[in-house]
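Colleague: Could you look at this predicted model? Sequence included:
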Amino acid sequence: MPKVDMDMDRGRIVAWHVAEGTQVAKGDPLFDIETDKAAMEVEAQAAGILHHRAAEGTEVPIGKPVAWLYAADEAVGPSPAEIGASEAPAPGNAGSGAPGEDGRASAHAADDAGRRDARGGPLHPDRGAHAPLARAGAAPQEQADALAPRAGDSDPECGDRPRATPAARARARDAGIDLAGIAGSGPRGRVQRADIDALLTTATPAQPQRSGSLAVSRRGGGSGLPVVLLHGFGSDMTSWTPLEPHLGDRPLIRIDLPGHGRSAPDAMPDFAALAAAVRAAFDDLGLARAHLVGHSLGGALALALADTRPRQIAALTLIAPAGLGPQVNGPALAGICRATRADSLAPWLRTLVADPRRITDSYARLAMDARADPALRAAQTALADAIFPDGTQGFDLTAALDRLVPPARIVWGKADAIIPWQHALRAPGRVGLHLFDHIGHMPQIECPEEVGKIVGQPL
Amino acid sequence: MNAVTEAVRELSYAEALREAMDIALDRDPRVVLMGEDIGVYGGAFQVTGDLVHKYGTDRVMDTPISELGGAGVAVGAALTGLRPIFEFQFSDFATLAMEQIVNQAAKLRYMLGGAVSVPLVMRFPAGSGTGAAAQHSQSLEAWLAHVPGLKVVQPTTPEDAKGLLLAALDDPDPVMIFEHKILYKMKGPVPEGHYTTPIGTAAIRRTGRDLTIVASGIMVHKALEAAREMEADGIDAEVIDLRSVRPIDRDTILGSARKTGRLMIVHEAVKTLGIGAEISAMVAESDAFDYLDSPIIRLGGAECPIPYNPELEKAAVPQVPGILSAARDLAKGRV
């Protein structure tokens, strides 16, 4: 049973895609699992013939076998006792059997393991012999050692381990932070020391603060003008993490839009309602003056807010803002709303960026975890239908942009596949344009250092 | 002599070496100089200069054009009570004397149970940049540093050239001094009189927070120039002058790597299997590993003999722009 979610300790097998005795290839979908947060499909980690499946509906603890893969020429042994065990065995008694089994059964299971060892030990799946479809941990210790992923192993699980520098690992270890949940700012998403430092200074409260009806988190710090961050459609406040180290020590205030992140999935009949909710949250913050940074839909909301609260907005940075033209990538919005699995979400996430390699499978899994709540997905689907009807931007803020009082700049990637960057050309002359080649819809993630510099420049 | 003139006195690197030999010849009758054309000619790079006129041909001896023979005489002289300083015309010719250096000088103390030692100093004009092509431009310090029993130093300033040469003479075992030919004319402050620079200590030439550059030989100066240019980008580089290849100053390097979390090593010798690999492994094997926030980066000589063409000669070893861009990437976490 793989760990697909940071908090899970067991997963329920919802359905098998493969019958007993079937030959499977590496990568074939094997079964669906459900945790208390997410549903997910699990693929075969190796080729072989599937036997000893755990029954559908069974809850299997993390690391326990859910079935065995045999080589083509291998005799199928008796069903191992631990298959389908519905409780995690106690430490030291690992793999000895299901609860309620007596000592004999445990001994039998141990003998069974011993016999397999005598035949040459449980071999690595890649070498053809049977091995449990499991991480090491719940199997008897000697098997665990033999099955533990090794450096350089072709085991696909190696590819999912977070990339992190030794310094970042040490700091995360000390702070009790799980690296798996962090979007690294280094090459290929590598987590570096600064990423952990940023997280630690963020000090996101366990129970988010509320402003109006919306979830808000803050990064305290220097005495500069506070920066209020409004994320885009389908995202949440954590999408600012890569940019934050590049915003100096200015106080940051992040707002989750309605139906996003930890804000309630309230129904928003139209853009005006959405803007009113954000305005109420902004008013609730009680800021004398702030620098607004909005991305995509958040950019449109920032414009709307500046239109109604011009005296409190000292400056605006609009990153690939919505609301400046009718075109929007409807299929991508619909695909993101519809996705219930990382596999279906990942291709759409990849349309957001110029270099699709930025979106790794584990990134997509984490993004899907954040969207696991069906109520949140339903709220976003309804919101998309209300403000992007028929794949069109149903709201127009060009007039607001024309009469904009605070100084503003627009940042856009010229490889944006979600909203055409040419919408930036609607801006009046006094608005600064920063256009980046080879950058997609997410400049704040694709070139955070550059965007940080732009936000930091005095207007 | 008052303190003020002492502080501002400058000598070239070659003059500082000559002054060290002059002091040594003057204070210790066991000290002799040996080498090809070091007498009336003054040495291939004019380092011994006119010392033959001051001390005579018994103390400043021209040896025949046989590095193996000359080195053998020097090892024998050291074994039997003298303190020879043997000069190679080019460090490349160490290859001709390897038997005497590697199999005799380095091992005799060990093989004779400590009954003897070989207090021998050898001086090697090394490095590229003079248009002397493939057989006269190499950096072979790592070859000798691989041999237990030898000490290997690379002074990078006139002060250290003098101090390390005098420290080498105090050492009971063979010490190999690699002198970069381009540095011979470099001027710098040099204290008067006798002093020593401890063998086995590196020097932090510039303190910084953002990354550590460990450099050897002439690369120290290129790294310092790159570090000055990096200031404009807000990058604060620490530059360590390795100074002693064997023994290596582990504490200084590990301490700096722990502090900055980013390590780059620059040397002129061929990168593959070089000193940079040793330093990199030393850091990766130590507790400083936990402090690294980037892969360790090495810059070194290309996989080719040193070319004669001046442009290619430059391209074959690290230069300031390359150090600068590698260090920028490293400091910004882009590596």
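Modeller: Okay, I see it.

Colleague: residue boundaries of the helices in the stretch 351-459 of chain A?
Modeller: All helices of the stretch 351-459 of chain A, identified by DSSP state H, counting those that start in this stretch, fall at A:361-370, A:374-387, A:398-402, A:443-446, A:448-456.

Colleague: Save those as CSV, and put in distance to chain B too.
Modeller: Quick note: C-beta positions are derived from backbone N, CA and C, even for glycine. What follows is those, written out as CSV (distance: least, CB to the nearest CB, whole Å):
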stretch, distance to chain B
helix A:361-370, 18
helix A:374-387, 33
helix A:398-402, 34
helix A:443-446, 14
helix A:448-456, 8
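
Colleague: Could I get the phi/psi values of residue B:221?
Modeller: When quoted as degrees, to the nearest 10, the phi and psi of residue B:221 stand at phi -70, psi -40.

Colleague: pretty sure it contacts residue B:156?
Modeller: Yes: if you go by CB atoms under 8 Å, residue B:221 and residue B:156 touch, sitting 6.9 Å apart.

Colleague: So for these two, which sits in the more crowded spot?
Modeller: residue B:156 (27 against 20; other CB atoms under 10 Å in any protein chain shown).

Colleague: Give me the buried positions along stretch B:272-291.
Modeller: Residues of stretch B:272-291 classed as buried by neighbour count (16 or more other CB atoms under 10 Å in any protein chain shown): B:274-280, B:283, B:288-289, B:291.

Colleague: list residues touching both of residue B:221 and residue B:156?
Modeller: Residues within reach of residue B:221 and of residue B:156 at once, by CB atoms under 8 Å, 6 or more residues apart in numbering or on different chains, are residue B:183.

Colleague: Longest strand in chain B, please.
Modeller: The longest strand of chain B (DSSP state E) is strand B:263-270.

Colleague: got the CA positions of that one in CSV?
Modeller: Only the C-alpha atoms of strand B:263-270 are listed here, as CSV (Å, rounded to 0.1, in the frame of the first residue of the first chain):
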residue,chain,number,x,y,z
LEU,B,263,31.5,25.1,-2.3
MET,B,264,33.4,25.6,-5.5
ILE,B,265,37.0,24.5,-6.1
VAL,B,266,39.1,26.0,-8.8
HIS,B,267,42.5,24.8,-9.9
GLU,B,268,44.6,25.0,-13.1
ALA,B,269,45.5,21.3,-13.2
VAL,B,270,43.3,18.9,-15.1
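
Colleague: what are the pairing partners of it, and which direction each?
Modeller: When pairing is defined by DSSP bridges, strand B:263-270 lines up against strand B:211-215 (parallel), strand B:297-301 (parallel).

Colleague: Comparing these, which comes out most buried?
Modeller: Mean neighbour count (mean count of other CB atoms under 10 Å in any protein chain shown) peaks for strand B:211-215 among the strands paired with strand B:263-270, with a mean of 30.

Colleague: what sits up against it?
Modeller: Contacts with strand B:211-215, where a contact means CB under 8 Å, 6+ apart, come from B:202, B:222-223, B:226-227, B:235, B:237-242, B:253, B:256-257, B:259-260, B:262-267, B:279, B:323, B:327, B:330-331.
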